[in-house]
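> 3D, please:
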Amino acid sequence: MTERKHIAIVASLMLMIAAGFVGAVKAQAPQQEQLLNGLRVLMWPNAQGDRVNARLRIHAGSAFDPQGKEGTMKLAGEVIFPNQAARDYFVEDLGGHIEIVSNYDYVQINVSARPGELVPMLETLAAALTTPTIDNETTAAAKTFQSRQVAEAEADMAIYADRAARERFFGTFPYGRPQIGTTATLEAIDFADLRFAYDRFFKADNATLALSGNFQSDAAYRAVRRFFGNWLKSDRQIPATFRQPDAPSTALEILNATSGSGAAEIRHVIRGVARSDADFRAVEVLTAVLDARLKQRASVDPGADAFVRNEANLLPGAIVFGVSNLNPDMKPKIYGGSVESIDAVKLVGSLMSLPVTSAEFQTARNAASSAGESSVEDLWLDSHTYKLTADANAKAAYQKLTLADVERVRQRLAKQPAVSVWIVRGVGESN
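Prediction:
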C-alpha cells in the first residue's frame, strides 16, 4: 500500500468517526414542541427502551419562599401528590416510580411507567398538576410527609453546619435560608400560602415537560395537548430579582450543637458564580483542585470528611469549604496554628494562595468533567432554567478549558471575603 493511499484511508476513517460523533451529539437533541399555553415539550423517543419517563420542571424554587415560611415551594410541589396512595399508583398500577425534587431554582416531578402506560401516566400527572386540590386536608398530609425530612435534617449535625454557614454568609437573602424549611417555618405555612405559591409559579409557560423512553412522538404529543392543553398560563413572569446580601462578617462564629452526632463541624463560605456564568466550568475545576488540597490537609484525622463544593444557582451562589466529624485534637494540625485560629485566613487563604499546577489542573479537569454527569433530559431542562445552551457533550467543553482559565478564576475568587462557622458541643450558644 502506497503512503498516499494509507493517508487517504486514515483520513476517511477519521471523517467517518467524526461524522458518527457529530451524529451522536445531534441525536441527543430532542423533538421540541410548544403548546398554545406556553408549555414547552421535549421528546426523546427510543423504541428499545423498557420505560417511558416524564420530567415536569417548574422553573421557580425555594428562592421564592416567603421569609418566615421557608419550605413553601417544596411543599407546593409535594401537595400535588399529597399522600402515599396517590404516589403508589405510579408504582403498583403503572410499574414505574415517582419522585419530587426541589431546590432554590426549581421544583421537578419525575414519573415513569411501563411503555404501554404512557397515556394514563400523562393523564394522572396532568390532572394532579393542572387542577390540584389544595385545602386544609391535603396541606396537612403534605406537611406530615415533608416534616419527616425536616426532622431528619435538623438532627444531622453536618446539615446544621451547612445551614449555619449559609445563613451567616447570605443573611436573609434566599440562598441563606433552608430550602425545605424548619419545624417552625413548616408549622407557619397554611393552605392559602400553598395556593398563592401555586397560582404564581405553577403555570404552563413557567414549565417544561421532558419525555423519554419507549413511545411514539406523535401519539405522545397528542396526549400532551389533550391533558395539558387546559393548564393556565401566567399573567406575568416573576423574575428572580432579590436585593443582594450585605457584606458578611468574617469573624469566627462558634455554635453549640444540641442534637446530632459527630465530633465537630467546620464550614467556610465564599461567594461563587451563577450557573450561567461563563466561568462556571473553570470554577468547577478549581473546586476539584481545592477539594483535593483540603482532603490532603485533613488526612491527619482519619475520621474527618473534608470537602469543597461549588453550589451554583440561578444567581451567584457559594463555594463551601467543610470538614465534618473532626477530632478536636486535630484542628491545630489542619489549620496550621492554635485551636483558636480556626478561620478562613488560616484555611481558605492557604488553600487558594498557591497557583494551580499543571498536574493538579489535569487531574481536576478530568474529575470535574466526570462528576455528577447529568442525563440529557436534565441538561436540556437546565438550559431552560438557567438560560443556557444545551450541551450534550459537557466533557468536550471541559477539555477546552486551559490552566490559564482556572488560574484567572483562582485569583478572582481569592479576593472574596469568607465567613467561618465552627459547630462544637458545650461551649455556649455562640461566641
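> which stretches of the stretch 151-300 of the chain form strands?
207-213, 253-256, 265-271 (DSSP state E, counting those that start in this stretch).
> ranking those strands by mean pLDDT, which is last?
Mean pLDDT per stretch puts strand 253-256 lowest among the strands of the stretch 151-300 of the chain, at a mean of 80.
> show me which residues of it are buried.
Across strand 253-256, burial judged by 16 or more other C-beta atoms under 10 Å covers 253, 255. (C-beta placed from N, C-alpha, C; glycine too.)
> what's the spacing between it and its chain's center?
27 Å (C-alpha atoms, centre = their mean, to the nearest Å).
> okay, the strands of the stretch 151-300 of the chain in JSON lines with distance to P355 next?
Shown next, in JSON lines, are the strands of the stretch 151-300 of the chain (distance: least, C-beta to C-beta, whole Å):
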{"stretch": "strand 207-213", "distance to P355": "41"}
{"stretch": "strand 253-256", "distance to P355": "31"}
{"stretch": "strand 265-271", "distance to P355": "18"}
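> so where's the stretch 1-150 of the chain uncertain?
For the stretch 1-150 of the chain, residues meeting the criterion pLDDT under 70 lie at 1-27.
> any chance you could map the helices in it?
Using DSSP state H, counting those that start in this stretch, the helices of the stretch 1-150 of the chain run over 3-27, 72-78, 84-88, 118-130, 136-154.
> okay, the shortest one in CSV with CA atoms only?
Written as CSV, here are the backbone C-alpha positions of helix 84-88 (Å, rounded to 0.1, in the frame of the first residue of the first chain):
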residue,chain,number,x,y,z
GLN,A,84,-48.8,7.9,49.7
ALA,A,85,-51.8,6.3,47.9
ALA,A,86,-51.6,8.9,45.1
ARG,A,87,-47.9,8.1,44.6
ASP,A,88,-48.3,4.3,44.9
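> what residues sit buried inside it?
So, applying 16+ other C-beta under 10 Å, buried residues of helix 84-88: R87.
> go on, the last one?
Counting neighbours by 16+ other C-beta under 10 Å, one finds that the buried residues in helix 136-154 are 138-139, 141-143, 145-147, 150, 153-154.
> looking at those, spot the one nearest Q399.
A153 (37.6 Å; C-beta to C-beta).
> okay, the closest one: pLDDT?
On the pLDDT scale, A153 gets 92.
> what's the closest non-adjacent residue to the residue most central in space within the chain?
Centroid-nearest residue in the chain: N103, 6.2 Å away (criterion: C-alpha atoms, centre = their mean). Nearest non-adjacent residue to N103, counting by C-beta to C-beta, 6 or more residues apart in numbering: G61, 5.3 Å away.
> which residues does that neighbour contact?
Counting by C-beta atoms under 8 Å, 6 or more residues apart in numbering, G61 makes contact with 73, 102-107, 179.
> any idea how far it is from R225?
27 Å (C-beta to C-beta, to the nearest Å).
> again with L294
For L294 relative to R225 (C-beta to C-beta), the value is 52 Å.
> and those two? Which one has more around it.
More neighbours surround L294 than the other of L294 and R225, with 22 against 15 (other C-beta atoms under 10 Å).
> let me know the secondary structure of the spatially closest residue to the more buried one that is not a sequence neighbour.
For L294, ignoring the flanking residues on the chain, the nearest one in space by C-beta to C-beta, 6+ apart is A306 at 4.6 Å. Here A306 is recorded as strand under DSSP: H, G, I helix; E, B strand; the rest coil.
> before we move on, the earlier item: just give me the closest of the buried residues of helix 136-154 to R87.
For the buried residues of helix 136-154, the nearest to R87 is F145 (9.4 Å; C-beta to C-beta).
> tell me the bridge partners for Q31.
Note on Q31: beta-bridge partners M43, judged by DSSP bridges.
> is it in contact with M43, as I believe?
Yes. Using C-beta atoms under 8 Å, Q31 makes contact with M43 at a distance of 4.4 Å.
> of the two, who's got more company?
Shown here are Q31 and M43; by other C-beta under 10 Å, M43 has more neighbours (20 against 14).
> ranges for the helices of the stretch 251-400 of the chain?
Using DSSP H, counting those that start in this stretch, helices in the stretch 251-400 of the chain cover 280-298, 331-335, 348-353, 358-370, 376-385, 394-399.
> next, the angle strand 207-213 makes with the fifth one.
With axes from the mean of the first three to the mean of the last three C-alpha atoms, to 10 degrees as the basis, helix 376-385 and strand 207-213 are set at 170 degrees to each other.
> output the contacting helices and strands for helix 376-385.
Packing contacts for helix 376-385, counted by 3 or more C-beta pairs under 8 Å, 6 or more residues apart in numbering; DSSP states H and E, involve strand 40-45, strand 52-58, strand 207-213.
> so what's the closest residue to A158 other than its chain neighbours up against?
In space, not counting the residues next to it along the chain, A158 is nearest to S324; the distance is 5.0 Å by C-beta to C-beta, 6+ apart. By C-beta under 8 Å, 6+ apart, the contact set of S324 is 157-158, 161, 262, 265, 304-307.
> what pLDDT does S324 get?
89.
> is it in a bridge, and if so with what?
Note on S324: beta-bridge partners by DSSP bridges are D305.
> how far away is it from V150?
Distance from S324 to V150, counting by C-beta to C-beta: 20 Å.
> buried residues of stretch 159-178, list them for me.
Per 16+ other C-beta under 10 Å, stretch 159-178 contains these buried residues: 159-170, 173-178.
> let's see which of these end up in helices.
Judged by DSSP state H, these include 159-170 as members of helices.
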